[in-house]
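Colleague: need a structure here:
(one chain, ligands or ions: 1)
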Amino acid sequence: MNRRKQIYEGKAKVLFQGPEPGTIVQYFKDDATAFNNKKKGTISGKGVLNNRISELIMVRLQGIGIPTHFIKRLNMREQLVREVEIVPIEVIIRNVAAGTLSKRLGIEEGKPLPRSIVEFCLKNDELGDPVVSEEHITAFGWATHQELDEIVNMSLRINDFLCGMFVSIGIRLVDFKLEFGRWYDGEEMRIVLADEISPDSCRLWDIQTDEKLDKDRFRRDLGKVEEAYQEVARRLGILPESGPADHQGTKAIQ
Ligand code: C5P
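Modeller: Numbering: from 1, shown residues only. Next up is the predicted model:
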């Protein structure tokens, strides 16, 4: 990967120029950050697992007609994606009260919401990714009304699909974050799902026990962080039943 030109280094991923024009190689790191970079650490093997989990989810979403930036997984830590212009908005979809929603509105964590709620945050680390409304987004030109309609419709379809997918493996999809991009295909522009979907960007609770199987284990120092990511991968059928032993083996191929 060192021979490729680095385009951008984020908190959990590095982007390199892809082999063909209009393509990018997305490299998944083990680094983890929380609370707007105030907490930093590493989760051993996270990059390998998130690469596989995100691949599986993107491929399944493409299967129901959601356009995504994903082209193919290249190796343990890298995937080839289309180059897109990222819409500078994080879309958060919530089914159960948790995290900043509970804090902001004083709603007890774990309370099911009357319906799925879509929130928008401006992607701006210096400002701490503030919550913004559709009014802000369209007035400041971060996205048009039409783009936002498409983004919300797609997000709700993704939510319906993923809720069902996770329920079938005994997991409640509490909330998650999506990012979208503009993909220029000749004269045409299409809004496509971008970034990743993984336990870094979702709250995933065991349906029976409410045990957290996501990045909140790192954010809240709950321990067994690696094990939680492995458990999600195992239930999705990605990690062999024998678990961590095989997973350790992947390190040599990184
Ligand atoms: O922290 P908050 O409750 O707003 O997070 C809602 C959901 O969005 C969580 O699943 C969290 O993992 C995800 N998120 C994210 N990246 C951010 C902010 C939130 O993946 N920058």
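Colleague: What's the first helix or strand after whichever strand or helix holds L56?
Modeller: Element membership for L56, per DSSP states H and E: helix 46-63. Sequence order places strand 70-73 as the next helix or strand after helix 46-63, per DSSP H and E.
Colleague: So which residues on the chain come close to the ligand?
Modeller: 90, 92, 98-101, 129, 175-177, 201-203, 215 (Cβ under 6 Å from any ligand atom). In short, each C-beta sits where N, CA and C put it, glycine included.
Colleague: Out of those residues, the closest to R73 would be?
Modeller: Among the residues of the chain next to the ligand, S201 lies closest to R73 (Cβ to Cβ), at 17.6 Å.
Colleague: From I86, how far out is I24?
Modeller: 11 Å (Cβ to Cβ, to the nearest Å).
Colleague: So between those two, which is more surrounded?
Modeller: Comparing I24 with I86 by other Cβ atoms under 10 Å, the one with more neighbours is I24, at 21 against 14.
Colleague: Is it correct that that one falls within a strand?
Modeller: Yes. The assignment for I24 is a strand, going by DSSP: H, G, I helix; E, B strand; the rest coil.
Colleague: I figured it was touching K13, is that so?
Modeller: No. The criterion here is Cβ atoms under 8 Å, and I24 misses it with K13 at 10.3 Å.
Colleague: returning to what we had before: which among the residues of the chain next to the ligand end up buried?
Modeller: E90, I92, A98, L101, D129, D175, F176, K177, S201, C202, R203, K215 (16 or more other Cβ atoms under 10 Å).
Colleague: residues touching the fourth one, list them.
Modeller: Yep, that's L101 we're talking about. Applying Cβ atoms under 8 Å, 6 or more residues apart in numbering, we find L101 in contact with R94, I107, I117, E119, D175.
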